[in-house]
Structure formats: structure tokens, C-alpha cells
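Q: Give me a 3D structure for the following:
(one chain, ligands or ions: 1)
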Amino acid sequence: HIGEKQFGGGRAGESAATGITEDLVKAGFESGRMKTGTPPRVDGRSLDYSKMNEEKGDAKPDKFSYSDLTVPLTNQRSCYMTYTSLNVHDILREGFDRSPMFNGRIKSLGPRYCPSIEDKINRFADKERHQLFVEPEGWNTCEVYVNGFSTSLPEDIQFKALRSVVGFENVKFFRPGYAIEYDYFPPTQLKHTLETKLVEGLYFAGQINGTTGYEEAASQGLMAGINAHLKVHEKAPLILKRDEAYIGVLIDDLITKGTEEPYRMFTSRAEYRTLLRQDNADFRLTPMSHEIGLASEARLRRMEKKLNESEKMVAFFRETSVSVAETNPILEAKETALITQGDKMFKVFSRPQIDLEDMLKFEKVKEYIESNDVDQEILEQAEIQVKYSGYIEKERNNADKLTRLEEVKIPENFDYNKIKSMSIEAKQKLSKIRPVTISQASRISGVSPSDISVLLIYMGR
Ligand SMILES: Cc1cc2nc3c(=O)[nH]c(=O)nc-3n(C[C@H](O)[C@H](O)[C@H](O)COP(=O)(O)OP(=O)(O)OC[C@H]3O[C@@H](n4cnc5c(N)ncnc54)[C@H](O)[C@@H]3O)c2cc1C
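A: Next up is the predicted model:
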């Protein structure tokens, strides 16, 4: 959809894949429709960056991979920030009567967290401006992505409005923004392995399951691929639990709760955020990945080395004492209470005011690092273990309590209708979703704690 223009298609420049939805519906699947959009792409050479705020990348960029073959970025291009204005909003409103969003042509729901600019000025009418991140698309292109200006308004309106944004007075378009609608299949029709309940050996992953973005699609593709492979080889499936990985939260949410609007994976959707840290992703997942033949032996060894050495360092902090004379000047500088007698490093270091830099001021720590050849990754891991050990332990206990419910399996063809003391809503939802465990049943919206107690009695608990 671009204003009043509408045409069918697949990914940009490709033709549509037709017939698949019809075939799947014929096979008994339920399907629905969702919407998403994108901003215009513009020529960076036509912009006046001197009128915008420069937004530099992280001074110390992190990386996704723990492999030492992946080196952190040393050089980055900046983004720039500019803003819409009341004038820009007025121009955009001129196109509302030709907007497929407002004239009823687009009926499906779009991603709540990436609203189009027309949605923003409509829903947040009291805001005088919205920020726009002006992002370079790559090293070898002058194409620029106007983040925050996703729109399906007519092209002439997009152009006129953008030309009124500071820094965009002479903007040239490569492509206008547009919205698309696509079919999805409510993911409650899937098992935890992403195999469909209806057709054995058929797996769904990605946008077809109603998720919003690249990472959600990639992680589901990986899991569906792993599980299809394991099934063909008659091996046990790989199901990541909610306390083991965000992928576990994503898939469990999708298949248990379903989604009526494009699903975005947020850290806030996970109940065990303290366990699911990026610093321990390798501890959580590399052993599993190695077990099924994905991660190499070398990768597993590297992870084990990091784990052993960080644990050794934490043990050193627990066993080693520091003197009043060496500690108090450091505490004083941080305006935190002084110690009156020597104490264990662990206790001093677990104070929130004390950071890694402070720890490195202690002679014994310096000596330890030198004689054990400790690198930055191990140091940071040891620091996290000291600082958060109390919280991590508490969350681990909570997760373990729920894991016990995870072990109470519900028979595959269990007849919920025979339970008298259960709400009708719970019976309907449970019969439809057919949870595998009591724990999964407890996460279904509409299933109350008292329904769970009744179920537990039926399962002999
Ligand atoms: C306009 C737009 C902007 C977006 N912007 C963002 C963004 O900024 N950030 C973000 O995270 N996500 C964004 N997304 C979402 C993201 O692109 C998708 O969620 C993701 O690409 C879905 O991946 P997928 O593998 O599930 O599906 P797709 O990437 O659609 O892959 C499906 C593939 O299957 C092929 N195919 C279809 N039928 C057949 C067949 N019969 N035989 C063989 N092959 C077939 C298709 O050609 C296609 O290559 C955007 C999406 C759109 C449409």
C-alpha cells in the first residue's frame, strides 16, 4: 500500500507466493492477516547533516559472538537525529483521506512498537514533534533509512512532509515508504518444536507465525531446522525452556498464548531476566549446542575455560582478605561506609558503589590477574558473579520451583470436559491449545490458579 496505490508482491522486487495459504487452509489450518510498514529510503547526499544532531555508535562496541574470530568493530558511521514539527504533521494530515490506514483498506493490525508516522500523530495528538533517526544503510552506499517515518501515505504527501523536516529541505527520494499486509497462521497450531500439530513433519518458523522481525524469524528458523533434523534422525527434540533462553520464552509465548498482533521479543516478556543475561548466553547454550553436534569442540572448550577461570576468580575473592589501610581510601573516594577491620574481598566488592576499576586497584587482585593471565571477558564475568550472586540465586530458586510443575505431564488426549469444577473458558482454552505440562497450562491466558489446582489433583499431585 502506498496511499491509494495497491499491488500484490513478495519481498521487495519479487512476485507474490500464491496458493500456499489456500492449501494450508484446505488442510485444516486457521489463517489470519497482519500488517507492517517501512520508511522512505533517501539519498544521503541531499541531506544537510550540519542541521541535525550527530549520534555516534557505542564508544566500546560489544559483539554478538563469543568466538575470538569475531573482532569488535573499530570504525563506525554515525547516525543523525532530527525531528518532525507541527507543520510536518499538518502536511501529513492532508493525506489522511487517501491513507489506506484510515480509509479502511488496511484492516489488519501492525506492530504496536513500530507505529507509522501517521499512527503516531493520530494516537499521540498532543506531541509537537517526533524524533527521526537518520541511519546510513551501509559503508558502500549513499542510501539512508529514515527511522521513525514509516508510512503508507501517498508519495506526494510523504515527499512534501519530509521536505519540511530540518535538514531534509532538499531531500531526494530513492523509494517511498509503504505498508504491506501478509498472511500468518496463529502459532497455537504448533508444538514446542515448531512442528505443526496438524501435519506431521511440517514446521512453521518466522513471519508465518505472526512475529515482527529479523531476530525472531532467524531464531525460529534455527529451532525448526534443529528439530526437523532431530526428528528425521529419531532423536529427542531440543526445546529451550523459559529460564534457559529468550528463544524459549518466544516459542512458549507463541504456541501457548498465540498472538493477534505482530509479536516482538522483549526482555520484559521473560520472568527470569537475571538468568538470561547476554554475558552467560554461551554458558547456557554452548553445551546443548555441542551435544546435538552444532557447536564445535573448540567452541565448547573455550566456553569451559571462561567458566572455570571466572569461577576460580570468584573463589579467590571469597577466600582473600583485604586490609583496612588498602580498602578505606578506595571506599572513601566512593563515599561509602568505611570498614573497621579486614574483610573478604567478595563482601567489599559486592557493594554497588565498587566497580571493576576499583577492584583492580587492590595489589592482590593485580597479582592474581598477572599470574593467571586473566582477560577482560573473565574479569567482567567474575564481577557479575560477585555483584549479582544474591539475585541470581533467588531467581534460580524460583525457576526451579516452576520447573517442578514442568515435570508434571498432561496425557496427550486428556479430556478436560470431564472436570466439573473447572471454568468453561479454561476447558475451551486447554482443549484447544493442549498444553504438554501443568506449567505450560498455567501460562495460558484465561486459565486461573484455581483451574491449575484442580488439574494438579487430576494428575495425582
Ligand atoms: C516492509 C517491511 C519492513 C520490515 N522492516 C523490518 C525491520 O526494520 N526490522 C525487523 O526486524 N524486521 C522488519 N521486517 C520484518 C522482517 O522482514 C520479517 O519478519 C522477516 O524477514 C521474516 O522472515 P521469514 O524467513 O519468516 O520470511 P521471509 O523473509 O518472507 O522469507 C520467506 C521466503 O520464502 C520464499 N517462498 C515463499 N513461497 C515459497 C515457495 N512456494 N517455495 C519456495 N520459497 C517460497 C519467499 O520468496 C521468501 O524468500 C519488515 C518487513 C517488511 C515487509
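Q: what's in contact with the lowest-mean-pLDDT helix or strand in the chain?
A: Least confident helix or strand, the chain: helix 449-458 with a mean of 83, by mean pLDDT, DSSP states H and E. Residues from elsewhere that reach helix 449-458 (Cβ atoms under 8 Å, 6 or more residues apart in numbering): 408, 410, 419, 421, 422, 423, 426, 430, 438, 441, 442. Using the backbone N, CA and C atoms, a C-beta is placed for each residue, glycine as well.
Q: Report pLDDT for the second one.
A: Residue 410 is assigned a pLDDT of 92 by the prediction.
Q: How about the fourth one?
A: Looking at residue 421, its pLDDT reads 85.
Q: measure the residue in the stretch 301-450 of the chain that the ligand sits nearest to to residue 191 for me?
A: Nearest residue of the stretch 301-450 of the chain to the ligand, counting by Cβ to the nearest ligand atom: residue 433, 22.5 Å away. Using Cβ to Cβ, to the nearest Å, residue 433 is found at 11 Å from residue 191.
Q: Of the two, which one has the most company?
A: Neighbour count, other Cβ atoms under 10 Å: between residue 433 and residue 191, residue 433 has more, with 21 against 16.
Q: Roughly how far does that one sit from residue 445?
A: 10 Å.
Q: same question, residue 127
A: 32 Å.
Q: Tell me which of the two has more neighbours.
A: A direct count of neighbours by other Cβ under 10 Å for residue 127 and residue 445 places residue 127 higher, at 12 against 9.
Q: Just the element for the more buried one, please.
A: For residue 127, there is no host helix or strand (DSSP states H and E).
Q: Isn't it up against residue 120?
A: Yes - counting by Cβ atoms under 8 Å, residue 127 does reach residue 120; the two are 7.5 Å apart.
Q: among the contacts of helix 449-458, which two are most distant?
A: 408 and 423 (20.0 Å; Cβ to Cβ).
Q: can you list the residues of the chain near the ligand?
A: 10-11, 14, 17, 20, 36, 38, 180, 206-208, 212-214, 217 (Cβ under 6 Å from any ligand atom).
Q: Let's see the ChimeraX selection covering just the buried ones among the residues you listed.
A: Restricted to buried positions by 16 or more other Cβ atoms under 10 Å, the ChimeraX selection for those reads:
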select :36,38,180,206,207,208,212,213,217
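Q: Please report the confidence value the model assigns to the residue in the chain positioned nearest to the ligand.
A: Taking Cβ to the nearest ligand atom, the ligand has its nearest neighbour within the chain at residue 206, 2.1 Å off. Looking at residue 206, its pLDDT stands at 96.
Q: any idea how far it lies from residue 21?
A: From residue 206 to residue 21 the distance is 15 Å (Cβ to Cβ).
Q: rewinding a little: quick check: which element contains the nearest residue to the residue of the chain closest to the ligand once chain neighbours are set aside?
A: The shortest distance from residue 206 to any non-neighbouring residue, by Cβ to Cβ, 6 or more residues apart in numbering, is to residue 217 (3.6 Å). Here residue 217 sits within helix 214-232, counting by DSSP H and E.
Q: which other helices and strands contact that helix?
A: helix 246-257 (3 or more Cβ pairs under 8 Å, 6 or more residues apart in numbering; DSSP states H and E).
Q: Sketch out the low-pLDDT regions of this structure for me.
A: 461 (pLDDT under 70).
Q: which residues of it fall in strands?
A: Counting by DSSP state E, the chain has strands at residues 32-38, 41-43, 53-55, 79-83, 131-136, 143-147, 173-175, 178-184, 321-322, 343-344.
Q: Nearest to residue 307, out of the ones you listed?
A: The nearest among the strands of the chain, by Cβ to Cβ, is strand 343-344 at 22.3 Å.
Q: Is residue 387 in contact with residue 346, as I believe?
A: No - the pair residue 387 / residue 346 is not scored as a contact, 10.4 Å apart, by Cβ under 8 Å.
Q: Surely residue 166 and residue 84 touch.
A: No - Residue 166 is beyond contact range of residue 84, at 9.4 Å (criterion: Cβ under 8 Å).
Q: So if I had to pick from the two, which one is more boxed in?
A: Taking other Cβ under 10 Å, residue 166 and residue 84 do not tie; residue 84 has more neighbours (25 against 14).
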